[in-house]
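*Asks:* Quick one: sequence plus predicted model below, questions after.
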Amino acid sequence: MSLNGFDVASYQAGMNVGKVAGDFVLVKATEGIDYTNPEFNGHAKQTLSAGKKLGVYHFIRNDSDIKQQADYFLTVVKPYIGKAMLVLDFENTTGSTIQNQAGVGLAKQWLDYVYQKTGVRAVLYTGLSCENALDWSSVVKANYGLWIAQYNNYNVVNGYQPRDLYGSLKHWKTVVMFQYTSTGQLPGWNGALDFDVFYGDKSAWDKYAEANINPDIPKWIKEDKTYTLKTAVKLRTAPSTSASVIAVLPAGSTVRTDQAIIQGGYRWVRQPRSNGYAYMATGPIGNTLEYVK
């Protein structure tokens with residue numbers, strides 16, 4: 001079973017994607033930390049209103065902070081999280097990403113951050129030459145799917161005509177989706193379209209869109225409690241031993257908390273402060289040592 005569809009960006013301004021043949025539409029949402037496709041919301045709404053499956057993607061850049069890029073993307077696509085496949089577009093374009101090993105690390109950082117924030121494993125989009133040239137093993141091991149692009153030529157393709165990949169994958173065993181031409185033609189639109197085939201049915205598509213309830217995604221729980229420190233403990237800006245230290249509280253200090261989480265090998269609690277929150281480890285997991293009572 002497979003589905004046929006296409007992907008769009010601002011180049012398809014004025015197109016009603018819901019009225020053009022296809023099972024799904026992938027829509028560019030954002031790029032970097034300050035660009036939103038002006039057609040994004042219109043095309044996303046048209047896709048869902050027509051009963052088609054929706055994908056939304058971010059074009060990653062190497063000239064701005066990766067977490068800021070991910071947060072920007074998540075803010076823009078927030079109404080569609082849980083309804084749409086999330087995708088990271090990794091390309092070799094001047095002024096954006098560089099297809100080298102450092103770029104792979106940036107891509108994984110973005111994918112991991114989005115997963116931590118949403119529970120959704122985004123799919124990576126890139127070309128076959130890039131998949132072959134770089135070591136993507138860390139991304140593959142983290143279970144992120146691949147949407148591959150590879151064109152045999154630039155001849156016009158009238159209507160959906162999925163074909164086999166020319167060449168072979170080096171790191172992934174299979175692909176989620178295949179973009180096989182950038183010169184597709186469909187009734188209802190007089191411009192060229194990227195044609196894609198998704199290897200699965202609508203139920204399989206929905207699984208990529210849904211949040212994965214997974215034990216490796218930490219969950220905060222409510223905890224209204226006051227701790228007395230048994231030893232000096234560091235208050236940090238985030239629940240991580242690598243986060244900046246706000247203060248070192250001496251033994252005997254009391255800390256009032258509102259939430260707790262198990263993360264990074266420690267149990268952390270959150271302290272409300274006048275200017276935000278501070279975080280404190282109550283002790284390492286799996287160890288009898290505790291810093292508080």
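*Replies:* Cool, got the structure.
*Asks:* Ramachandran angles for the residue lying farthest from the centre of the chain?
*Replies:* The centre of the chain is farthest from one residue, residue 252, which by Cα atoms, centre = their mean lies 43.1 Å away. Note on residue 252: backbone dihedrals following degrees, to the nearest 10 are phi 100, psi -20.
*Asks:* what number of residues lie near the nearest residue to residue 284 once chain neighbours are set aside?
*Replies:* Leaving aside its chain neighbours, residue 284 sits nearest to residue 266 (5.5 Å; criterion: Cβ to Cβ, 6 or more residues apart in numbering). Glycine gets a C-beta too; all of them are placed from N, C-alpha and C. Neighbours of residue 266 under the rule other Cβ atoms under 10 Å: 19.
*Asks:* just the one 10 residues further on next, same as before
*Replies:* Counted with other Cβ under 10 Å, the burial measure for residue 276 works out to 9 neighbours.
*Asks:* mind checking how far it is from residue 106?
*Replies:* 28 Å (Cβ to Cβ, to the nearest Å).
*Asks:* With residue 201 instead?
*Replies:* 33 Å.
*Asks:* just residue 268 next, same as before
*Replies:* 27 Å.
*Asks:* Which one's more surrounded, the two?
*Replies:* residue 268 (23 against 18).
*Asks:* wait, that one sits on residue 260?
*Replies:* Yes - with contact defined as Cβ atoms under 8 Å, residue 268 counts as touching residue 260 (6.7 Å).
*Asks:* what distance separates stretch 223-232 from the middle of the whole chain?
*Replies:* 36 Å (Cα atoms, centre = their mean, to the nearest Å).
*Asks:* for stretch 23-31, same thing?
*Replies:* For stretch 23-31, the distance to the chain centre is 13 Å (Cα atoms, centre = their mean).
*Asks:* May I ask you to confirm that residue 132 belongs to a helix?
*Replies:* Yes - counting by DSSP: H, G, I helix; E, B strand; the rest coil, residue 132 is found in a helix.
*Asks:* Report the contact partners of it.
*Replies:* 167, 169, 170 (Cβ atoms under 8 Å, 6 or more residues apart in numbering).
*Asks:* OK, contacts around the last one?
*Replies:* Contact criterion Cβ under 8 Å, 6+ apart gives 131, 132 as the residues in contact with residue 170.
*Asks:* Can you tell me how far residue 27 is from residue 177?
*Replies:* To residue 177, residue 27 is 14 Å away according to Cβ to Cβ.
*Asks:* Check residue 206 too.
*Replies:* From residue 206 over to residue 177 (counting by Cβ to Cβ), the distance is 14 Å.
*Asks:* Looking at those two now, which is surrounded by more residues?
*Replies:* Taking other Cβ under 10 Å, residue 206 and residue 177 do not tie; residue 177 has more neighbours (28 against 14).
*Asks:* separation between that one and residue 54?
*Replies:* 13 Å.
*Asks:* Select the longest helix from this structure.
*Replies:* helix 101-118 (DSSP state H).
*Asks:* ok, which stretches of the chain are helices?
*Replies:* 40-49, 66-77, 101-118, 128-133, 137-141, 202-209.
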